[in-house]
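Participant: next come a sequence and a model predicted from it.
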Amino acid sequence: MARRRKAAAATLPPPADDECRMHWRGQQSVALKDTTRELDVEGALRASKTTICLWKELNAYLNHPGMHGMLCRWTDDATHSLLKPVWRAICAKAGVALKWHAEEQYDELPNKARVYIRGLKTQDQTLRYAKFRGLTLSRVYVDQAEELPHDVYLELAARLSQKGFPHQITISPNAVEETHWIAREFPTDNRFLPQRKYISLSVHDNAHNLAPEVIPTLERLYPPSHPKHRTMVLGKRGLNVIGEPVYKGAFERKRHEGPAEFDATLRLLMALDFGKHHPCVVFKQISAFGQARFLAGILGQSLYLDAFMDLVLHYRALWFPGAIEIAECCDPAGATDTSHGTKGAVATLREKGVHPRSVPDSNSPIVRLAMIERMAGQMRKRAADGSEAFLVSNSDRWLRISADNVVVDRFLTDGFEAGYVWSPHTVSVNNKPVRVPKKDGWYEHGQNCAEYLEVNFGAPWKKPVEEEEPEPYRPVSPWG
């Protein structure tokens with residue numbers, strides 16, 4: 001009995017006193033104990049993802065003598081200089097003696113469990129999987145898995161075949177983009193349970209293990225207005241955005257996001273951005289007091305326009321019954337774009353009873369900049385009734401839809417707050433540099449919809465009159 005109690009105690013993390021001795025709470029404890037075959041422990045900086053996962057691996061090896069597994073990162077250098085030292089320190093704290101077998105690159109535990117420690121990247125692409133092919137494993141842990149190609153992950157997962165042992169592959173990436181393969185394999189709604197599971201950690205989940213100044217420092221470096229606040233601090237998925245937010249100093253989430261109800265007595269405005277991979281629609285109304293209300297939106301993910309529009313019309317009828325009038329606008333490029341089929345995108349819309357208008361130069365840098373300046377001005381004003389002149393609904397009528405999934409995604413608010421950023425490059429208009437937003441393939445679609453709504457249904461747009469070059473001075477001769 002005493003021996004069993006001693007063995008059980010060896011599987012538990014020791015009391016916290018440094019990075020290798022920590023307390024686990026909430027989602028951290030869930031991740032430590034989870035036995036799902038494929039597990040994604042994903043999240044923010046300083047959320048203790050790596051430490052949790054390494055303790056998880058050690059516990060498994062201690063509980064299963066003779067088990068074979070692997071610890072890895074994408075490159076050999078990162079594996080041996082960053083991951084292996086933390087693993088060795090954790091084993092030392094737990095009092096577990098390791099024997100290193102250099103030729104085969106594995107640590108051997110006293111109970112004959114074997115832990116291979118290798119980087120996965122090979123110099124020869126014809127030997128892409130050579131670092132782990134031929135191994136029969138029960139466990140795999142991949143640190144910083146966002147660096148890992150999808151095909152390599154699939155090959156690794158197929159290595160879980162050691163007979164007589166439980167199987168699990170755990171990855172611990174920083175929060176990834178929604179288009180990353182990890183997001184597809186491990187969706188936030190965990191619809192692939194019981195085979196695959198996603199667990200998200202924010203830095204706040206690890207607050208009890210951090211020095212008091214760590215979180216305030218992170219929040220100072222990445223405040224809510226910073227495009228990386230979502231991923232670096234909150235541990236939520238989003239673009240790894242680099243740049244200055246377009247509406248920095250104008251849009252404030254706590255002021256400009258709130259209840260915004262549909263009014264059937266007002267005209268409903270709808271804007272479409274076709275997007276080759278992410279078609280988008282945004283709905284808006286202008287109140288009797290002049291308040292611009294963004295009511296709802298849908299961002300398609302790898303959908304063709306025809307299927308996307310069927311979904312749009314379904315949700316429009318569901319969300320806005322009895323609208324007195326519906327006015328539609330779209331990306332002017334859709335009149336000739338054939339990327340969604342053999343005919344132009346507008347022709348596809350008309351077949352479905354949608355008849356959008358468009359301003360031909362809506363996508364020009366000068367028009368886009370003017371609409372941005374208009375909306376930034378609205379964000380600083382009040383409507384006639386004293387309410388904010390610019391408001392985005394905080395309802396759940398903001399959806400991201402793919403062929404097999406529908407999730408709430410506040411992409412418009414996220415874009416206004418930090419996701420929509422300036423490009424580092426300017427364009428020349430009439431020999432003058434003009435600032436333009438970055439084409440990120442994600443946040444731009446909702447923002448472009450907002451711009452189309454403004455240019456089509458806002459105050460009339462007048463193209464600036466180009467200044468004529470003055471005639472050069474020519475003295476008049478008295479002789480004619």
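Facilitator: Structure received.

Participant: now the end-to-end length of stretch 119-132.
Facilitator: End-to-end distance for stretch 119-132, by CA to CA, to the nearest Å: 10 Å.

Participant: mean confidence for it?
Facilitator: The average of the pLDDT scores along stretch 119-132 is 90.

Participant: and that stretch, how far out from the chain's middle?
Facilitator: 29 Å (CA atoms, centre = their mean, to the nearest Å).

Participant: list the buried residues of it.
Facilitator: Residues 119, 120, 121, 129, 131, 132 are the ones in stretch 119-132 that count as buried (16 or more other CB atoms under 10 Å). Using the backbone N, CA and C atoms, a C-beta is placed for each residue, glycine as well.

Participant: what does stretch 226-243 give?
Facilitator: Buried-residue list, stretch 226-243, by 16+ other CB under 10 Å: 226-239, 241, 243.

Participant: and of those, the nearest to residue 195?
Facilitator: Closest approach to residue 195 among the buried residues of stretch 226-243 (CB to CB): residue 237, at 20.2 Å.

Participant: so that closest one touches residue 188, yeah?
Facilitator: Yes: Residue 237 is in contact with residue 188 according to CB atoms under 8 Å; the separation is 6.9 Å.

Participant: of the buried residues of stretch 119-132, closest to residue 455?
Facilitator: Checking the buried residues of stretch 119-132 one by one against residue 455 (CB to CB), the nearest turns out to be residue 121, at 47.8 Å.

Participant: returning to what we had before: what about the buried residues of stretch 226-243, which are in helices?
Facilitator: Cross-referencing those against helices under DSSP state H gives 229, 230, 231, 232.

Participant: would CSV of those residues with pLDDT be doable?
Facilitator: Formatted as CSV, those follow (pLDDT from 0 to 100):
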residue, pLDDT
229, 88
230, 87
231, 90
232, 92
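
Participant: need these in a markdown table with distance to residue 24, can you?
Facilitator: Listed next are these as a markdown table, based on distance: CB to CB, whole Å:
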| residue | distance to residue 24 |
| --- | --- |
| 229 | 25 |
| 230 | 24 |
| 231 | 23 |
| 232 | 22 |
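
Participant: what's the distance between residue 146 and residue 173?
Facilitator: 4 Å (CB to CB, to the nearest Å).

Participant: show me where the stretch 151-300 of the chain has its strands.
Facilitator: Assigned by DSSP state E, counting those that start in this stretch, the stretch 151-300 of the chain shows strands spanning 168-172, 196-201, 257-258, 268-273, 280-286, 292-300.

Participant: for these, give me a markdown table that also has distance to residue 430.
Facilitator: Shown next, in a markdown table, are those (distance: least, CB to CB, whole Å):
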| stretch | distance to residue 430 |
| --- | --- |
| strand 168-172 | 51 |
| strand 196-201 | 48 |
| strand 257-258 | 37 |
| strand 268-273 | 27 |
| strand 280-286 | 31 |
| strand 292-300 | 30 |
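
Participant: same list (those strands) but as a markdown table, adding mean neighbour count.
Facilitator: Below are these laid out as a markdown table (neighbours: other CB atoms under 10 Å):
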| stretch | mean neighbour count |
| --- | --- |
| strand 168-172 | 25 |
| strand 196-201 | 21 |
| strand 257-258 | 18 |
| strand 268-273 | 25 |
| strand 280-286 | 24 |
| strand 292-300 | 25 |
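
Participant: next, format these as CSV and append distance to residue 316 and mean pLDDT.
Facilitator: Formatted as CSV, the strands of the stretch 151-300 of the chain follow (distance: least, CB to CB, whole Å; pLDDT from 0 to 100):
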stretch, distance to residue 316, mean pLDDT
strand 168-172, 39, 98
strand 196-201, 31, 97
strand 257-258, 22, 96
strand 268-273, 7, 97
strand 280-286, 7, 97
strand 292-300, 9, 97
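
Participant: quick one: closest of those to residue 36.
Facilitator: Of all the strands of the stretch 151-300 of the chain, the one in closest proximity to residue 36, counting by CB to CB, is strand 196-201 (4.0 Å).

Participant: mind jotting down where the helices sit in the stretch 301-450 of the chain?
Facilitator: With DSSP state H, counting those that start in this stretch as the criterion, the stretch 301-450 of the chain has helices at 305-319, 345-351, 365-379, 411-414, 443-457.

Participant: and the gap between the residue most central in space within the chain and residue 281?
Facilitator: Among the residues of the chain, the one closest to the centroid is residue 238, at 1.5 Å (CA atoms, centre = their mean). Residue 238 sits 21 Å away from residue 281, going by CB to CB.

Participant: then residue 83?
Facilitator: Using CB to CB, residue 83 is found at 44 Å from residue 281.

Participant: ranking the helices of the stretch 301-450 of the chain by mean pLDDT, which is last?
Facilitator: helix 345-351 (a mean of 85).

Participant: give me the number of residues near residue 225?
Facilitator: By the other CB atoms under 10 Å criterion, the neighbourhood of residue 225 contains 16 residues.

Participant: was I right about it contacting residue 417?
Facilitator: Yes: between residue 225 and residue 417 a contact is recorded at 6.7 Å, counting by CB under 8 Å.

Participant: shared neighbours, these two?
Facilitator: residue 245 (CB atoms under 8 Å, 6 or more residues apart in numbering).

Participant: and the chain, what are its domains?
Facilitator: 2-232, 253-457 (automatic domain parsing).

Participant: who's in contact with stretch 75-83?
Facilitator: The contact list for stretch 75-83, computed with CB under 8 Å, 6+ apart, reads 50, 71, 72, 73, 117, 118, 119, 120, 121, 143, 144, 147.

Participant: ignore what I typed, I meant stretch 423-439.
Facilitator: Outside stretch 423-439, the residues within contact range by CB under 8 Å, 6+ apart are 243, 246, 364-366, 368-369, 372, 420-422, 444, 447, 466.

Participant: let's go with 6 Å and repeat that
Facilitator: Applying CB atoms under 6 Å, 6 or more residues apart in numbering, the external contacts of stretch 423-439 come out as 243, 246, 365, 366, 420, 421, 422.

Participant: what's the span of it, first residue to last?
Facilitator: End to end - CA to CA - stretch 423-439 spans 8 Å.
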